[in-house]
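*Asks:* below: sequence and its predicted model.
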Amino acid sequence: MSKWTDFYYPHFPSPKDAEAFIASVEDLSQGHPKYAAMIMMHQAQRLISLADDVDNIRPNQYALKLMFLIICAENIAKLFHKYDGEAESKKHVKMFFQEFTSDRDKALLESRFKRQNYSNLTLDEVASDLYAVRCDVVHEGKYWGFQFKSGDTPMLNLDPDINVYISYEEFRSVMVRNCINAVNSFT
């Protein structure tokens with residue numbers, strides 16, 4: 001239980017709230033209508049923790065970290081929608097952001113990813129561009145071409161051609177909150 005509590009606690013007002021969230025799904029058995037919610041809660045912790053652990057083997061390689069975060073988004077959306085197929089990855093990544101991102105976090109993401117002319121990207125464009133980075137890593141082995149904001153310095157990325165004004169830590173927090181929203185809204 002502490003593995004889950006340690007991971008989720010920072011996203012709740014108190015440890016008791018995090019424990020209540022975990023307890024609401026932790027002991028569900030296979031066949032229970034909400035069993036997938038427990039799997040989502042576990043998968044989010046596993047995949048986001050893998051993203052964090054990338055620094056142990058390739059420090060500051062944000063495309064590698066992002067790959068695990070986008071795989072997490074895809075996995076959560078497919079579990080949520082009970083999708084059992086092999087395709088539609090990009091569609092499910094977009095669904096993850098469209099369906100589980102709070103209005104506050106949507107505004108944050110849209111204001112922190114900008115085109116070169118400094119206009120904001122839409123949430124759909126953010127999801128598409130981040131999915132493209134994931135594809136570059138997975139299919140091309142290109143894990144060096146994307147950077148999050150560093151300190152107060154936004155990062156110019158060329159492929160995709162966007163300026164990023166959000167840190168990895170801020171984006172990671174949005175991802176965890178989205179996963180919590182998915183678990184809480186699963187029926």
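*Replies:* Looks like it arrived, so ask away.

*Asks:* next SSE downstream of the worst-scoring helix or strand of the chain on mean pLDDT?
*Replies:* Across the helices and strands of the chain, mean confidence by mean pLDDT, DSSP states H and E is lowest for helix 2-8: a mean of 92. On the C-terminal side of helix 2-8, the closest following helix or strand by DSSP states H and E is helix 15-26.

*Asks:* next SSE downstream of that following helix?
*Replies:* That would be, after helix 15-26 and using DSSP H and E, helix 35-53.

*Asks:* which strands and helices sit next to the least confident helix or strand of the chain?
*Replies:* helix 15-26, helix 35-53, helix 168-185 (3 or more Cβ pairs under 8 Å, 6 or more residues apart in numbering; DSSP states H and E). C-beta: built from backbone N, CA, C; applies to glycine.

*Asks:* out of the ones you listed, the one nearest A73 is which?
*Replies:* A73 sits nearest to helix 168-185 of all these, at 7.0 Å, using Cβ to Cβ.

*Asks:* residue contacts, the closest residue to F148 other than its chain neighbours?
*Replies:* Once flanking residues are discounted, F148 sits nearest to Y168: 4.4 Å by Cβ to Cβ, 6 or more residues apart in numbering. By Cβ atoms under 8 Å, 6 or more residues apart in numbering, Y168 lies in contact with Y62, K65, F148.
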